[in-house]
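Asks: here's my sequence, what's the structure:
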Amino acid sequence: MPSLTKNQNYSVKQSSKPDINPRKVNDLLLDDVSIMQNELRSLLDSDIETANFDRISELISMLLHDFELSSCDMKANTLKSLNQNWYQFCKWCTGMSIVPIPCSVDHFKKYILEHSTRVKFNTLKVYSWAVQTMHLAAGLPSPTESLTIKKMFENIESSKLTDGEFTTQASAFNETHLEVLTQVFSQSQKLIDLRDLALLTMSYESMLRESELARATFEQISFTRDGRGILLVPITKSRHSGEPDKVILSLRCLDLIDHYVTLARIERTGLIFRKVHKSNKIGVQKNPLSGVAIDNIFQNAFSVVSEYSPGLVRGCVPWSGHSARVGACQDLLAAGYSPLEVQVSGRWSSPAMVYRYGRDILAEDGAMAKFRSEKK
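Replies: A predicted model of the protein is given here:
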């Protein structure tokens, strides 16, 4: 992973001997980062004629260095995205002969406007997030928070919507697709087919995200009094600590996992879903399946359904690891469950994603749709 700050042209000075001395009684209760941030804020409020620019640069440099060291605590995908998008901004700044940090509102506005005609609105928001993250890490006001910038983003979003740009989502993997795959794979003697069927079924029933599904272990499964499974999900996208979430796995899902485990001859410890070698055997695997590997499983399943029941996927793009989450959401809404009930099942922090994934289903349940349904 490339460094966030190495070889970047900042208007700050590197400090070989950080000078972090508590200056107030309250500073004795703070950590070094908080002390530096407080001092920097105080210096930024100085008059231009009397400002200590050398010390300001030194503090910014030290704060960025601290952020660099602590960035390993970020999720891998988050850090990768930050690296890529910050590097792109720095490259643009180099071409414009300006420094990337601190960045003025005018320079950031120019950056976004230059890219607004070539990328989607959500991509522009990611660009903004990267610039904001680095400025806040340096203890500086972010140019992204200016009212001018916020108004600019509103105008860009409105313009893109007018031009027909809408947020796309993963193609839905529904229960009807799962039933076809169950009929095809359940009779197979290929270990990879049985593993895929167990994984696809568990993905649909649990509405887990890719990473959550890949990290699932046998130790996280307990059982109800009627024999169904209870899967603990200790870490999710929206919750990194506290009480783990729990999801119920049906008897059918547990049977499919049992079938796969029996044929694979693996102990019920560690990761549930593992790589299957061409020899039709499973080797030792310490790391979870990658997102690419899970996407490939869904894409292969799409090809199977396309062969056996092409009408079910007509006009659809191949599935990804997120497709079961979308499809399960739609199926629950179509079955009459409320958006709140679906939100709880999908473990979303708000109903926004339920409405996004299920907008077609919810449109059919609208008052006018029902009122006019009998009209010819």
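Asks: mind listing what the closest residue to Glu210 other than its chain neighbours touches?
Replies: Distances taken as CB to CB, 6 or more residues apart in numbering put Gly321 closest to Glu210, at 3.8 Å, once the chain neighbours are dropped. The way it works is simple: take the backbone N, C-alpha and C, and place the C-beta from them, glycine included. By CB atoms under 8 Å, 6 or more residues apart in numbering, the residues touching Gly321 are Ser203, Arg209, Glu210, Leu213, Gly291, Ile294, Asp295, Ile297, Phe298.
Asks: what residue ranges in the protein score low on pLDDT?
Replies: 1-29, 164-169, 235-242, 360-376 (pLDDT under 70).
Asks: which residues in it form strands?
Replies: Using DSSP state E, the strands of the chain run over residues 221-223, 229-233, 245-249.
Asks: buried residues in the longest helix seen in the chain?
Replies: When the chain is parsed with DSSP state H, its longest helix is helix 76-95. The neighbour-count check on helix 76-95 (16 or more other CB atoms under 10 Å) flags Ser81, Leu82, Asn83, Asn85, Trp86, Tyr87, Phe89, Cys90, Trp92, Cys93 as buried.
Asks: ok, the fifth one to Ser116 distance?
Replies: Distance check for Trp86 against Ser116: by CB to CB, to the nearest Å, it reads 19 Å.
Asks: Gln187 now?
Replies: 53 Å.
Asks: again with Glu219
Replies: From Glu219 to Ser116 the distance is 49 Å (CB to CB).
Asks: thinking again about what came up before, ok, so of the buried residues of helix 76-95, who is nearest Asp47?
Replies: Asp47 lies nearest to Cys93 out of the buried residues of helix 76-95, by CB to CB, at 27.7 Å.
Asks: that closest one and Ile257, how far apart?
Replies: 52 Å.
Asks: how about Leu161?
Replies: Applying CB to CB to Leu161 and Ile257 gives a distance of 44 Å.
Asks: who's more crowded, these two?
Replies: Ile257 (24 against 12; other CB atoms under 10 Å).
Asks: if I pick that one, what's in contact with it?
Replies: Counted by CB under 8 Å, 6+ apart, Ile257 has contacts Ala198, Met202, Ile272.
Asks: the first one contacts Leu256, doesn't it?
Replies: Yes - with contact defined as CB atoms under 8 Å, Ala198 reaches Leu256; the gap is 4.3 Å.
Asks: and the residue nearest to Tyr337 when sequence neighbours are not counted, how far from Cys329?
Replies: Once flanking residues are discounted, Tyr337 sits nearest to Ser345: 7.9 Å by CB to CB, 6+ apart. Ser345 sits 8 Å away from Cys329, taking CB to CB as the criterion.
Asks: what about Asp45, neighbour count?
Replies: Asp45: 8 neighbours (other CB under 10 Å).
Asks: I'd say Cys358 and Tyr337 touch.
Replies: Not Cys; residue 358 is Gly. No - shown here, Gly358 and Tyr337 do not form a contact pair, counting by CB under 8 Å, at 10.1 Å.
Asks: any idea how far Tyr111 is from the spatially closest residue to Leu194 that is not a sequence neighbour?
Replies: Using CB to CB, 6+ apart and skipping the chain neighbours, the partner closest in space to Leu194 is Tyr260 (4.3 Å). Per CB to CB, Tyr260 is found 50 Å from Tyr111.
Asks: that older thread, now the strands of the chain in JSON lines, with distance to Phe302?
Replies: JSON lines is the format used below for those (distance: least, CB to CB, whole Å):
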{"stretch": "strand 221-223", "distance to Phe302": "28"}
{"stretch": "strand 229-233", "distance to Phe302": "25"}
{"stretch": "strand 245-249", "distance to Phe302": "23"}
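Asks: identify whichever of the ones you listed lies nearest to Lys150.
Replies: By CB to CB (comparing all of those), the closest turns out to be strand 245-249, at 34.2 Å.
Asks: residues contacting that closest one, please?
Replies: Against strand 245-249 from outside (CB under 8 Å, 6+ apart): 202, 205-208, 221, 224, 228-233, 236, 239, 347.
Asks: now do stretch 41-55
Replies: Lys13, Glu39, Ile56, Leu59, Gly139, Leu140, Pro141.
Asks: from one end of stretch 109-125 to the other, what's the distance?
Replies: End-to-end span of stretch 109-125 (CA to CA, to the nearest Å): 13 Å.
Asks: flag every buried residue along that stretch.
Replies: For stretch 109-125, by 16+ other CB under 10 Å, it's Tyr111, Ile112, Ser116, Phe121, Leu124.
Asks: got a PyMOL select line for the buried ones in the contacts of strand 245-249?
Replies: Per 16+ other CB under 10 Å, the buried members of those correspond to this PyMOL selection:
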select buried, resi 202+205+206+207+208+221+229+231+233+347
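Asks: ok, so of the contacts of strand 245-249, who is nearest Leu147?
Replies: Closest to Leu147, out of all of those and judged by CB to CB, is Arg239, at 32.7 Å.
Asks: hmm, back to that, now for the longest helix of the chain, which elements pack on it?
Replies: For helix 76-95, the packing partners by 3 or more CB pairs under 8 Å, 6 or more residues apart in numbering; DSSP states H and E come out as helix 105-115, helix 121-137.
Asks: right, and those - which one's nearest Pro310?
Replies: helix 121-137 (31.9 Å).
Asks: which strands and helices sit next to that closest one?
Replies: Checking 3+ CB pairs under 8 Å, 6+ apart, helix 121-137 ends up next to helix 53-70, helix 76-95, helix 105-115, helix 147-162.
Asks: roughly how far does the residue nearest to Tyr337 sit from Arg118?
Replies: 38 Å.
Asks: just Val247 next, same as before
Replies: On the measure of CB to CB, Val247 and Arg118 end up 41 Å apart.
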